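In: Sequence and predicted structure below; questions after.
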Amino acid sequence: MRYAVISDVHSNLEALTAFLTKADRAGYDRIVCLGDIVGYNANPNECIELLREREALCVMGNHDSRAAGLEDESAFNFHAALAIQWTRGALKEENREFLGNLPRALQVNRKFLAVHGWVNDTDLYILGPRDAAENFKLMKDARTRVCFFGHTHVPAVFTEVEGGAELVDGEQVRLLKGASYLINPGSIGQPRDRDPRLSFVIYDTKKSQVKYYRVEYDISATAGKILAAGLPDRLAERLKLGW
Ligand code: ZN
């Protein structure tokens, strides 16, 4: 199976569409989305509907749970909270229900686990090796060696080493038998590694290989929609910076 694994779409329709074009060309069997379909940008309904059309396997992100009204946005920064309030007003009822019913974690085809933040917490960030080491322990409890996560909007692959975890470099990573991995595909809708191009991976389970893709999309169109919707200017600016 070839899984196109994406995360943090954040209502960015232009980026999601550019991803689909690229993924269709590259070839895949199933899309796995690691949460935060909505928030920040201006096309929440369209992004949810496109992913549903493609029968993507989705988990719930921290923005999705707030947009669905399961939790309030008091822990969010000012701009994120404004965008959530806007999103709640814009969401169709069926799409709000879809977000509210997403699982927090998904064991995909017994091959790998899909989560948004930490293995056991949607809101926590896996930022570095210390966080990764804690999550490798949680993965052992879940009896899984491969886990995909998002939330930081920064592409990263961690592997477990004696007493901890370390980063694995490369646009293409071969997953070794018996080793454990935590893999972040980066973000579709709001990349934060100072590269404004959208980011995703294709995980080929037969080859045990993860390949990263970076793709340009029409940022000025997305930015224009943010301003037209009355969302904060800063949310448009940061897309151009990839931050
Ligand atoms: Zn996010």
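Out: Yep, that arrived. Numbers count the residues shown, from 1 in each chain.

In: Quick check: residues of this structure near the ion?
Out: With CB under 5 Å from the ion as the criterion, the chain meets the ion at residues 8, 36. To be clear about C-beta, it is placed using only N, CA and C from the backbone, and glycine gets the same treatment.

In: Strands of the chain, start to end?
Out: For the chain, applying DSSP state E gives strands covering 2-6, 30-33, 57-58, 105-108, 112-115, 146-148, 156-161, 164-167, 172-174, 181-184, 198-204, 209-215.

In: Mean confidence (pLDDT) on the shortest one, please.
Out: Looking back up the chat, that one is strand 57-58. The average pLDDT within strand 57-58 is 98.

In: Which residues does stretch 75-90 contact?
Out: For stretch 75-90, the external contacting residues (CB atoms under 8 Å, 6 or more residues apart in numbering) are 11, 38-42, 44-45, 63, 66-67, 69, 73-74, 96, 123, 229-232, 234-235.

In: same thing but at 6 Å, please
Out: 38, 39, 40, 44, 66, 67, 73, 231, 232, 234, 235 (CB atoms under 6 Å, 6 or more residues apart in numbering).

In: Check stretch 167-181 too.
Out: 136, 145, 146, 157, 159, 160, 208, 209, 210, 211, 212.

In: same deal with stretch 3-11?
Out: 16, 23, 28, 30-34, 36-41, 43-44, 47, 148, 150, 153, 185, 187-190, 200-203.

In: Report the rounded mean pLDDT for that stretch.
Out: Stretch 3-11 shows a mean pLDDT of 98.

In: Alpha carbons of that stretch, as PDB, please.
Out: Output in PDB follows, covering the C-alpha atoms of stretch 3-11 (Å, rounded to 0.1, in the frame of the first residue of the first chain):
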ATOM      1  CA  TYR A   3      -0.300   6.000   1.800                       C
ATOM      2  CA  ALA A   4      -0.200   9.800   1.100                       C
ATOM      3  CA  VAL A   5       0.200  11.100   4.600                       C
ATOM      4  CA  ILE A   6      -0.800  14.800   5.200                       C
ATOM      5  CA  SER A   7      -1.400  17.000   8.200                       C
ATOM      6  CA  ASP A   8      -2.500  20.500   9.200                       C
ATOM      7  CA  VAL A   9      -4.500  21.400   6.100                       C
ATOM      8  CA  HIS A  10      -6.000  24.300   8.000                       C
ATOM      9  CA  SER A  11      -8.700  25.200   5.500                       C
END
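
In: so how far is that stretch from its chain's centroid?
Out: 4 Å (CA atoms, centre = their mean, to the nearest Å).

In: repeat for stretch 210-228
Out: Worked out by CA atoms, centre = their mean, stretch 210-228 lies 14 Å from the chain centre.

In: Would you mark the buried spots in it?
Out: For stretch 210-228, a neighbour-count test (16 or more other CB atoms under 10 Å) marks 210, 211, 212, 213, 214, 217, 219, 222, 223, 225, 226 as buried.

In: hang on, the earlier thing: save the strands of the chain as a markdown table, and put in distance to residue 81 too.
Out: Converted to a markdown table, those look like this (distance: least, CB to CB, whole Å):
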| stretch | distance to residue 81 |
| --- | --- |
| strand 2-6 | 24 |
| strand 30-33 | 23 |
| strand 57-58 | 23 |
| strand 105-108 | 25 |
| strand 112-115 | 23 |
| strand 146-148 | 27 |
| strand 156-161 | 27 |
| strand 164-167 | 32 |
| strand 172-174 | 36 |
| strand 181-184 | 24 |
| strand 198-204 | 24 |
| strand 209-215 | 29 |
